[in-house]
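In: sequence and predicted structure below; questions after.
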Amino acid sequence: MTHIANQSAPIEEPSLYDRLGGLESVKFLAKTLVQRAMLNPTIGHIWNHKTQAEVQEEISGFVEFLGEHWGGPHTYTGPDMATAHRGMGITEEYWTALFDEIVTPAYVEFNIPEREAREVDEFLRSFKPVVVGSPTFKDVLQEHPDMDIMEGMESVGVRWPAAGS
Ligand code: HEM
């Protein structure tokens, strides 16, 4: 008598990526969130001077980023989140608008089950310390008109996120 029947591989939980519905769902989520962010009265201005290509690239990068973290077949090659948002001037108010007016309502509207919605929400919110609080790069320059732009805000002592945060 063998025990082969008991030795089957443990059943692997499907990834968040698959539970959300795979590539089409993640793409839809990424493009809808960015589209609504651009149209939002509180944060839309951040995209005022973005070109079509820049916005399209941002969405592709967002899909790669979410796909990689959520267990999909993606590799994100863009900048880390602090670098991507440093100098953008994202405030607490903008963050609240993003979640209260765009992200949270989307869970209900797109019938994302409670467990998946919670995982998506925890994931997105975990980036708050490296998305919120940077001054705009132009504000830093105006305060330090002789700053070497290529050396960045760090060169005039503006460190964001602050070390250890
Ligand atoms: C109010 C909050 C936010 C605003 C206004 C915002 C805005 C932006 C903008 C305008 C870009 C494009 C940068 C560029 O063209 O160089 C960008 C990049 C990006 N954002 Fe956000 N963002 C916010 C929050 C978040 C959150 C919570 C995440 C989740 C992790 C996120 C993920 C990304 C990613 C992955 C990119 C890089 C895409 C790439 O370069 O490949 N953002 N964000």
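Out: All right, it came through fine. Residues are numbered from 1 along each chain as shown.
In: ok now stretch 84-102, how far from the chain's centre?
Out: 11 Å (Cα atoms, centre = their mean, to the nearest Å).
In: any residue of it touching the ligand?
Out: Yes - using Cβ under 6 Å from any ligand atom, stretch 84-102 reaches the ligand at 84-85, 90, 94-95, 98. The way it works is simple: take the backbone N, C-alpha and C, and place the C-beta from them, glycine included.
In: in strands, which of the residues you listed fall?
Out: In strands, judged by DSSP state E, none of the residues of stretch 84-102 next to the ligand are found.
In: apart from its chain neighbours, what residue comes closest to the residue of the chain found nearest the ligand?
Out: Of all residues in the chain, the one sitting closest to the ligand is Gly61 (1.8 Å; Cβ to the nearest ligand atom). Of all residues not flanking Gly61 in the chain, Gly78 sits nearest, at 4.4 Å (Cβ to Cβ, 6 or more residues apart in numbering).
In: related to what we said a few turns ago, measure the residue of the chain closest to the ligand to Ser134 for me?
Out: Distance of Gly61 to Ser134, given as Cβ to Cβ, to the nearest Å: 18 Å.
In: OK, contacts around Phe127?
Out: Going by Cβ atoms under 8 Å, 6 or more residues apart in numbering, Phe127 touches Met81.
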